[in-house]
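J.: Just to be clear, the model below is a prediction. Sequence and coordinates:
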Amino acid sequence: MGTAPEPGGQDSQTPGQQPPVNPAYGFPPASGYGYPPQMQGGYGYPPLASPAEPDWYALAEHNERANKRKRLVRVAIGAVSTLVVAGIVAAAVVLYKPGGDSPTDKASTSADQAANCVAPTAAPSKASNDLRLGSSTQVGTVEGHSGLALTLKGTTDGYAEVNSVVVNTCASFTISTVVRNTAPQEPRAAVSQGSDGFFSFYLGRGAKNQWVFKVQTAAESGKAIEALSAPTDPAATGGVDPASQWTTLTGVYDVKEKAISLYVDGVLAKTTPVTGILSTNGPIEIGRARFKSHWVDAWGGSIADVQVWDQALAPESVAQLAKTRSAGDTAARATWFRF
């Protein structure tokens, strides 16, 4: 039976080899001889490993890379935000109109009319039968005038309504008629055009017994612009030998000049500035007008030679019209009750 080796002697167990259990006593080996190698600090086993020292240089480099990525992300977000804001500002500049008008405002100016224009939708007619007559309207010859004429009594059932839409009020036009007035007072509409609510233009006699060519600049009260004749015209007052008082009235709207003009018997009576006209596509009304959704200013007397041009006639053409009932080489777009 051998003896136990001396601690640290030549007969000690080989490193990494578990020492045997003492067969004599049946107990576990003594401290230092039978415990797991990782808990032994001597006797041929490797020393216990100490915690590793952090690699400060590697950590710093990693940190720098992370920060660099964050800076790049912030720069990219800032650039996108700048582009978005710039786009919003640009859109606001395009949509905003100086003076406080919003993009949906419909101002009555010649610049806006192209966008807000309601163009005629039906072909013009040169036939006198393209009309719907009121129940009291009379058609025939009238003393002092050659050709057909309407005779109206100044009542709501006296009128002639054209079945086709003729005048584009967004563009220049000329309207002319030969009239005889027998009504002593009050406004009277010889020729007009409008919509369900308001007229666009009105040619006839004004509130102060003056000949008038007036236009609406918006669909509301108080938005009419007038060109008036002198207040002493006896033909406008009525009751003075009416058979001899036939008058040629001509109204001209010139988009380029931004003005309306009234001519009486071929002579310019008045020119009035106007920025634009209410755009409508209702039919021509002979002997009445539309205002605030009501028929008003029924004509008392006779109306003939209603003519329409889709241009602003020159003064010399208007003068010739009063003498010959023709504008020379400038043909009318539509006529009614002519010869």
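T.: Yes, it's here.

J.: Check the contact between Ala269 and Tyr263; I expect there is one.
T.: Yes. If you go by CB atoms under 8 Å, Ala269 and Tyr263 touch, sitting 6.4 Å apart. Just so you know, the C-beta spots here come from the backbone N, C-alpha and C atoms, and that holds for glycine as well.

J.: Near His145, how many other residues are there?
T.: His145 has 17 neighbouring residues, counting by other CB atoms under 10 Å.

J.: now swap in Arg132 and tell me
T.: If you count neighbours by other CB under 10 Å, Arg132 ends up with 11.

J.: which residue packs closest to it, ignoring adjacent ones?
T.: Of all residues not flanking Arg132 in the chain, Glu161 sits nearest, at 4.6 Å (CB to CB, 6 or more residues apart in numbering).

J.: quick revisit: so if I had to pick from Ala269 and Tyr263, which one is more boxed in?
T.: Neighbours around Ala269 and Tyr263, counted as other CB under 10 Å, are more numerous at Tyr263. The numbers are 27 against 20.

J.: Mind listing the residues bridging to the more buried one?
T.: Thr250, Leu268 (DSSP bridges).

J.: got it, and Thr174?
T.: Going by DSSP bridges, Thr174 is paired in beta bridges with Val252, Trp309.

J.: ok, it to Trp295 distance?
T.: For Thr174, the distance to Trp295 equals 25 Å [CB to CB, to the nearest Å].

J.: Could you do Lys256 as well?
T.: Here Lys256 is placed at a distance of 33 Å from Trp295 (CB to CB).

J.: The two: which has the busier surroundings?
T.: The residue with more neighbours, out of Lys256 and Trp295, is Trp295; 16 against 8, by other CB under 10 Å.

J.: Which helix or strand contains that one?
T.: Under the criterion of DSSP states H and E, Trp295 resides in strand 294-296.

J.: Can you give the contact residues for that strand?
T.: Contact partners of strand 294-296, identified using CB atoms under 8 Å, 6 or more residues apart in numbering, comprise 156, 159, 187, 189, 288-290.

J.: Stretch 213-223 too?
T.: For stretch 213-223, contacts defined as CB under 8 Å, 6+ apart pick out 108, 169, 175, 194-195, 197-203, 206, 224-227, 249, 251-253, 260-262, 274-278, 292.

J.: try it again with 7 Å
T.: Residues outside stretch 213-223 that contact it (CB atoms under 7 Å, 6 or more residues apart in numbering) are 108, 197-203, 224-227, 251, 253, 260, 262, 274-278, 292.

J.: Can I get the buried ones among those as something I can paste into ChimeraX?
T.: A single ChimeraX command selects the buried members of the contacts of stretch 213-223 (16 or more other CB atoms under 10 Å):
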select :108,197,198,199,200,201,202,203,224,225,226,227,251,253,260,262,274,276,277,278
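
J.: Strands - which of the contacts of stretch 213-223 land there?
T.: When these are checked against strands (DSSP state E), the matches are 199-203, 224-227, 251, 253, 260, 262.

J.: Report how many residues lie close to the residue nearest to Arg132.
T.: By other CB under 10 Å, the residues close to Glu161 number 17.
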